[in-house]
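**Student:** Show me how the following folds:
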Amino acid sequence: MSFRFETILRLNKNKEDLLQRDMGQINAMIQKQKDSQNFMREVTENKKEELNQKKRQGIDVNTMILYDNFFRGTQVHKTRQDTIISEINLKLEAKREEVVEAMRKRKTLEILKDRNTLKERKLREKKDFAIQDENASNLWGRKGL
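**Tutor:** All right, here's what the predicted structure looks like:
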């Protein structure tokens with residue numbers, strides 16, 4: 001006999017695998033956004049140092065305006081990245097809950113399968129013992145004649 005829910009178990013395993021793959025892609029998106037944010041932070045720090053050096057050497061107003069516009073743009077970019085990261089984190093949490101639910105369903109079916117396998121093995125052992133007992137009593141009966 002086979003486990004009657006084997007197909008459902010396989011489908012649940014496949015669904016869990018797909019959900020985990022999706023969760024991995026979401027994690028990759030988050031990392032990409034964080035990398036972008038870190039890159040902009042490094043560029044901003046470099047430009048601040050550059051601006052400080054130019055201030056010591058003397059700088060005109062137009063250059064100051066350009067740097068100011070750049071720093072405002074990086075701040076807008078940082079804010080946008082923070083928003084994107086928080087939205088992706090929400091998706092990640094939702095996907096994580098789906099994965100946990102799929103894992104729970106799969107585990108439940110695996111427990112049922114294990115119980116079914118154990119039950120079948122015990123039944124088979126019981127039948128084997130019955131056959132062995134029958135054979136032994138037949139042999140004993142023949143020797144007694």
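
**Student:** Got phi/psi on the residue nearest the centre of the chain?
**Tutor:** Nearest to the geometric centre of the chain sits Gln20, at 3.8 Å (C-alpha atoms, centre = their mean). Phi and psi for Gln20, reported as degrees, to the nearest 10, are phi -70, psi -40.

**Student:** Would you agree it is in contact with Arg96?
**Tutor:** No. Counting by C-beta atoms under 8 Å, Gln20 does not reach Arg96; the two are 9.8 Å apart. Quick note: C-beta positions are derived from backbone N, CA and C, even for glycine.

**Student:** Spit out the residues that contact these two alike.
**Tutor:** Counting by C-beta atoms under 8 Å, 6 or more residues apart in numbering, Gln20 and Arg96 have no common neighbour.

**Student:** picking that back up, which helix or which strand is home to the residue nearest to the residue nearest to the centre of the chain when sequence neighbours are not counted?
**Tutor:** Spatial nearest neighbour of Gln20, chain neighbours left out: Val99 (5.8 Å); criterion: C-beta to C-beta, 6 or more residues apart in numbering. Val99 belongs to helix 61-144 when elements are defined using DSSP states H and E.

**Student:** what is the mean pLDDT for that helix?
**Tutor:** Averaged over helix 61-144, pLDDT sits at 92.

**Student:** Output the contacting helices and strands for it.
**Tutor:** In terms of contacts (3 or more C-beta pairs under 8 Å, 6 or more residues apart in numbering; DSSP states H and E), helix 61-144 is packed against helix 6-57.

**Student:** Packing partners of the helix it packs on?
**Tutor:** When contacts are defined as 3+ C-beta pairs under 8 Å, 6+ apart, helix 6-57 packs onto helix 61-144.

**Student:** what angle do the helix it packs on and helix 6-57 make?
**Tutor:** Here helix 61-144 runs at an angle of 160 degrees relative to helix 6-57 (axes from the mean of the first three to the mean of the last three C-alpha atoms, to 10 degrees).

**Student:** what comes into contact with stretch 77-91?
**Tutor:** 26, 29-30, 33-34, 36-37, 40-41.
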